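> From the sequence below, what's the structure:
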Amino acid sequence: MKRVADRIPLVSILMTFVLAAGCTTTQSPRQQVQDSRITAQVKAKIAADVNLSTLTNVKIDSTNGVVTLSGEVENEGVKNRAAEIARSAEGVVSVNNNLQVESAAGAARGVSEPTDTSTRR
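Okay, the predicted model is just below:
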């Protein structure tokens, strides 16, 4: 029983290091706030755009000023408009437009065409 009690502090210390290592980030708190602000701004701009107000299948993320758009849209025009709006947000360094365009046949089956275009400012 004493052996188990002797190991509890060691296990606790090891678990602390494991958890702390899993929570690390390469971004400063200031950059994390800036990225959150960029993401919120892009989401608001897309939601305000009359043509894009129904983009519920689009995920918007920002890391170090790089905005990534992913998800599915109905046509190439919507895909390009979303990237244009993202590029217009303050603080955006570049946009990775990973939006996928539904094909007419794929829309019926629930399959989309993979398209990947990255744009830099």
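
> pLDDT weak spots in the protein?
Where the chain drops to pLDDT under 70, the residues are 1-25, 50, 52-54, 104-121.

> And the strands in the chain?
Using DSSP state E, the strands of the chain run over 58-63, 66-73, 94-102, 112-113, 117-120.

> Output those strands as CSV; include the columns mean neighbour count and distance to Ala82.
Backbone N, C-alpha and C define where each C-beta goes, glycine included. Shown next, in CSV, are the strands of the chain (neighbours: other C-beta atoms under 10 Å; distance: least, C-beta to C-beta, whole Å):
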stretch, mean neighbour count, distance to Ala82
strand 58-63, 18, 7
strand 66-73, 19, 6
strand 94-102, 20, 6
strand 112-113, 15, 15
strand 117-120, 12, 11
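
> Take the ones you listed and lay them out in a markdown table including distance to Arg87.
As requested, these are arranged in a markdown table below (distance: least, C-beta to C-beta, whole Å):
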| stretch | distance to Arg87 |
| --- | --- |
| strand 58-63 | 12 |
| strand 66-73 | 8 |
| strand 94-102 | 5 |
| strand 112-113 | 23 |
| strand 117-120 | 7 |
